[in-house]
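Student: task: produce atomic coordinates for the following.
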Amino acid sequence: MSLPCVWDFGCNAAGVTGCRIINSPREKLIAILTNNFVPCNGRFPFLISIATIFIAGTMQGFGASIISTLSVILVILLGIFCALLVSKILSKTILKGMPSSFVLELPPYRKPQFGKILIRSIFDRTLFVLGRAISVAAPAGLVIWLFASIGINGESLLSIVANFLDPFANLLGLDGYILTAFIFGIPANEIVLPIILMCYLGGNSLVNMEDTFSIGQILIQNGWTILTAINVMIFTCMHFPCATTLLTIKKETGSLKWTIISFLLPTVCGIILCMLTTFVYNIFV
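Tutor: As a prediction, this is how the structure comes out:
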């Protein structure tokens, strides 16, 4: 049984469009639905920062960097394993069918038309993806600012949402602010950590800090432990796609149903794994 997968560690939206090379509609859909299980470049800085602070930070010397690197690789491999597992389950259930062979036909060699290539790359790809990102990021930024600025009885709407989500987040080994940051970070994965820092510092604008030591101090002061760090890394790798990727999935599949399923699949897997990690940790610690 073949398991169709098209992964792009640069951008999940580009990985979705890359599924066009798959001839079988069934296998193309499986590849699209499991594409988000591998982290894009927007998630890597967050993963590396958490590994550096909470895993390498507990050790000293050259071995700390190796262990930190291995922890990030392990989370990525976990995402790949889940993608393969979910692909197999889908191919045996709701997307059952005969596997097809993959044939990639190479066109005849021609002299490159640099002008045409440049124009198509700019308009068909770069501006297309950027346009989708901007159309989501601008209103999302306004929503985040409003939730952080508007208060009820001295408490911001952002804090109210976080407190509401806190009981469920605790089951995942997280807290309400972390889960809120992931939800409000749907426009782009890069803003999840700035939203977390903004919530902890009580500000109304995104916080961008380069010093990992300062970031670590803020996180530890707000109750982060090694369990929190591990579950954040797992959930960073396996949660819903960003808005740009979701819009691309909607365009490629032409179906709201499959777009919703692509939202739920990695999120449910991430929730289950975080709950399992928390359960095992609480048994032995």
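Student: quick one: mean pLDDT for stretch 87-100?
Tutor: Per-residue pLDDT over stretch 87-100 has a mean of 78.
Student: cool, stretch 154-164 as well?
Tutor: For stretch 154-164, mean pLDDT is 89.
Student: distance between that stretch and the chain's centre?
Tutor: The chain centroid and the centroid of stretch 154-164 are separated by 24 Å under C-alpha atoms, centre = their mean, to the nearest Å.
Student: give me the contacts around it.
Tutor: Outside stretch 154-164, the residues that touch it by C-beta atoms under 8 Å, 6 or more residues apart in numbering are 144, 146-152, 175-177, 179-180, 184, 199, 204. Any C-beta I mention is one placed from the backbone N, CA and C, and that applies to glycine too.
Student: residues contacting residue 17?
Tutor: Taking C-beta under 8 Å, 6+ apart as the contact definition, residue 17 lies against 248, 252.
Student: check which helix or strand it maps to.
Tutor: Assigned by DSSP states H and E, residue 17 falls within helix 12-18.
Student: put the alpha carbons of that helix into CSV.
Tutor: In CSV, the C-alpha atoms belonging to helix 12-18 read as follows (Å, rounded to 0.1, in the frame of the first residue of the first chain):
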residue,chain,number,x,y,z
ASN,A,12,2.7,24.1,4.4
ALA,A,13,0.7,26.1,1.8
ALA,A,14,3.4,25.4,-0.8
GLY,A,15,3.2,21.7,0.2
VAL,A,16,-0.5,21.7,-0.5
THR,A,17,-0.1,23.2,-3.9
GLY,A,18,2.7,20.6,-4.5
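Student: that older thread, which of the contacts of stretch 154-164 has the most neighbours?
Tutor: Sorting the contacts of stretch 154-164 by how many neighbours each has (other C-beta atoms under 10 Å) puts residue 180 first, at 26 neighbours.
Student: confirm that residue sits in a strand?
Tutor: No. Going by DSSP: H, G, I helix; E, B strand; the rest coil, the assignment for residue 180 is helix, not a strand.
Student: next up, the contacts around it.
Tutor: By C-beta under 8 Å, 6+ apart, the contact set of residue 180 is 158, 161-162, 165, 195, 199.
Student: list the buried residues of stretch 33-53.
Tutor: Buried residues in stretch 33-53, counting neighbours by 16 or more other C-beta atoms under 10 Å, are found at 33-40, 42-44, 46-53.
Student: any idea how far apart the tips of that stretch sit?
Tutor: One end of stretch 33-53 sits 32 Å from the other (C-alpha to C-alpha, to the nearest Å).
Student: what's the neighbour count on residue 247?
Tutor: Residues lying near residue 247 (other C-beta under 10 Å) number 20.
Student: mind checking which helix or strand it is in?
Tutor: Using DSSP H and E, residue 247 falls in helix 243-253.
Student: now whichever helix or strand comes after that helix and helix 243-253, what's the angle there?
Tutor: Following helix 243-253 in sequence order, the next helix or strand is helix 256-284 (DSSP H and E). With axes from the mean of the first three to the mean of the last three C-alpha atoms, to 10 degrees applied, the angle from helix 256-284 to helix 243-253 works out at 130 degrees.
Student: just the buried positions in helix 256-284, please.
Tutor: Within helix 256-284, the residues that qualify as buried are 258-259, 261-263, 265-267, 269-271, 273-274, 277-278, counting by 16+ other C-beta under 10 Å.
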